[in-house]
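Novice: sequence and predicted structure below; questions after.
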Amino acid sequence: MQIYMVGGAVRDRLLGRPVHDRDWVVVGATPAQMLAQGFTPVGRDFPVFLHPQTHEEYALARTERQSGRGYRGFSVHSSPDVTLEQDLARRDLTINSIAADAGWTGAGAVFDPYGGVRDLKAGVLRHVTDAFREDPVRILRVARFAARLPRFRVAPETLQLMRAMVRAGEVDHLVPERIWQEISRGLMETRPSRMFELLRACGALRRLLPELDRLWGVPQRAEYHPEVDTGIHAMLVLDMAARLQAPLAVRFACLCHDFGKGTTPAHLLPRHLGHEERSAQLLQAVCQRWRVPADGRELAEVVAREHGNIHRSDALGAAALLRLFERCDALRKPERFAQVLWACECDARGRKGLQEQPYAPRVRLQAALAAALAVPTAPVAQAAARRGLQGPEVGRAIAQARQQALVAWLATEENKGKPLS
């Protein structure tokens, strides 16, 4: 039995990046031997075990052969005679096909039969063997690594292979869970725009996310969008979300917020009247298709529908502010409203030449919401009940009290900066 560190742990250590997880391959062992040493089996489709002390994953060396379409269309062969080189051959990229001895700490020789170290130094994402074409998830993984490693370029032969896979219909067999798993991880990378730009370059974006793909080439009003092209704007917004270290739900909302601009009638361009509601409707189909978690879906819907109103909120009076808060459910969910504003800031600053511009609505609306939430609702409800009001009438009394609080807050805002008489 021989144990090797493989994959991301070796790659990241060679790149000087922090290593968070370690994966191991065991050569020359049987499941029975692993069990005898206290390992716990966890793999359903192939033999993977958890270490009895560290609980890290140890996989027996294996080979894979395509037996059908899609992610699950593989037959797996694992036995003591499978070599380390054979195991590494089934991996996606050369930079992920490097192995090292179990005690390797970053110095000394590694096992690199497919030139992964060379490609790390050159900054190249290259497939290992032609077996890459057997798993369409690898298209998503390459795109995700492009987002994680912005200085790396995709080898021309790998991009050509990805395009061939798309033409053959391989991406149509991806299961929703795997799509969302890779997309969500890509959204959290250093430069998420590169994931979607690469998917577009190989033709996969048109099949996986046509709502986004159709934004390229759609013009916008130059006075609001110096970058003009809607697809370019969408990518700038995503990268701004990464720069501002936004959480996943905010980044997904940024991805979806302008879908409706892709369906604007040509005679209206470059204006996009009503695109907010169309965006909210289109993203619902995406969420169903990818089985996006509820928190991401709900936040994205609010951002798509209300981002224009939030951008223009400096002109809103007390009644209009309260209606905005009610539509966003901000009075019940102020933490989520803070994320809505976060996404709107990414949208406002995700424009050429405006990346450093402060986003005043975020600070102002948070202060306005705090003023509305400061109203003690219990005394208002009790006073309404003493007047004989019930049900919705009590709710209206509370809303009126909050509106009055916003009137007072706005008066304070208007007096800010004025000299004392």
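Specialist: Perfect, thanks for sending it.

Novice: low-scoring stretches of the stretch 51-200 of the chain, by residue?
Specialist: Within the stretch 51-200 of the chain, the stretches falling below the threshold (pLDDT under 70) are 66-75.

Novice: correct me if wrong: residue 222 contacts residue 229.
Specialist: No: shown here, residue 222 and residue 229 do not form a contact pair, counting by Cβ atoms under 8 Å, at 10.6 Å. C-beta here means a position set from N, CA and C on the backbone, and glycine is covered the same way.

Novice: looking at those two, which is more packed in?
Specialist: Comparing residue 222 with residue 229 by other Cβ atoms under 10 Å, the one with more neighbours is residue 229, at 15 against 10.

Novice: quick one: buried residues of the helix or strand harbouring residue 301?
Specialist: Secondary structure assigned from DSSP states H and E places residue 301 in helix 294-311. For helix 294-311, the buried set under the neighbour-count rule, 16 or more other Cβ atoms under 10 Å, comprises 296-307, 309-310.

Novice: kindly report the same for stretch 144-156.
Specialist: By 16+ other Cβ under 10 Å, the buried positions in stretch 144-156 come out as 144, 145, 146, 147, 148, 149, 152, 154, 155.

Novice: ok, stretch 182-196 next?
Specialist: Residues 182-189, 191-196 are the ones in stretch 182-196 that count as buried (16+ other Cβ under 10 Å).

Novice: and the buried residues of helix 294-311, which two are the farthest apart?
Specialist: Set against one another by Cβ to Cβ, the buried residues of helix 294-311 have their most distant pair in 296 and 309, with a gap of 21.1 Å.

Novice: so what are the domain limits for the protein?
Specialist: Using automatic domain parsing, the domain parsing of the chain gives 1-114, 245-361, 374-415.

Novice: could I get the ones you listed as CSV with distance to residue 162?
Specialist: Shown next, in CSV, are these (distance: least, Cβ to Cβ, whole Å):
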stretch, distance to residue 162
domain 1-114, 11
domain 245-361, 20
domain 374-415, 53
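
Novice: highest mean neighbour count out of those domains?
Specialist: Comparing those on average neighbours per residue, with mean count of other Cβ atoms under 10 Å, the densest one is domain 245-361 at a mean of 19.

Novice: how far is that one from where the chain is centred?
Specialist: Taking Cα atoms, centre = their mean, to the nearest Å, one finds the center of domain 245-361 at 16 Å from the center of the full chain.

Novice: that domain - what's its average pLDDT?
Specialist: Mean pLDDT, taken over the full extent of domain 245-361, equals 96.

Novice: equivalent analysis for stretch 4-20, please.
Specialist: 93.

Novice: about what we covered before: list just the nearest of the buried residues of stretch 144-156 to residue 258.
Specialist: Using Cβ to Cβ, residue 147 is the member of those that sits closest to residue 258, with 19.6 Å.

Novice: looks like that closest one contacts residue 190 (just checking).
Specialist: Yes: judged on Cβ under 8 Å, residue 147 makes contact with residue 190 at a distance of 6.7 Å.

Novice: include secondary structure when you put the buried residues of stretch 182-196 into TSV, please.
Specialist: Formatted as TSV, those follow (DSSP: H, G, I helix; E, B strand; the rest coil):
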residue	secondary structure
182	helix
183	helix
184	helix
185	helix
186	helix
187	helix
188	coil
189	coil
191	coil
192	coil
193	helix
194	helix
195	helix
196	helix
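
Novice: give me the helices and strands touching the top helix by length along the chain, please.
Specialist: For the chain, the helix that runs over the most residues, judged by DSSP state H, is helix 392-415. Packed against helix 392-415, as judged by 3 or more Cβ pairs under 8 Å, 6 or more residues apart in numbering; DSSP states H and E, are the following elements: helix 318-327, helix 360-373, helix 377-386.

Novice: of all these, which lies closest to residue 22?
Specialist: helix 360-373 (40.0 Å).

Novice: packing partners of the closest one?
Specialist: Helices and strands in packing contact with helix 360-373 are listed as helix 294-311, helix 318-327, helix 334-349, helix 392-415; criterion 3+ Cβ pairs under 8 Å, 6+ apart.

Novice: could you name the helices and strands sitting against the second one?
Specialist: So that's helix 318-327. helix 294-311, helix 360-373, helix 392-415.
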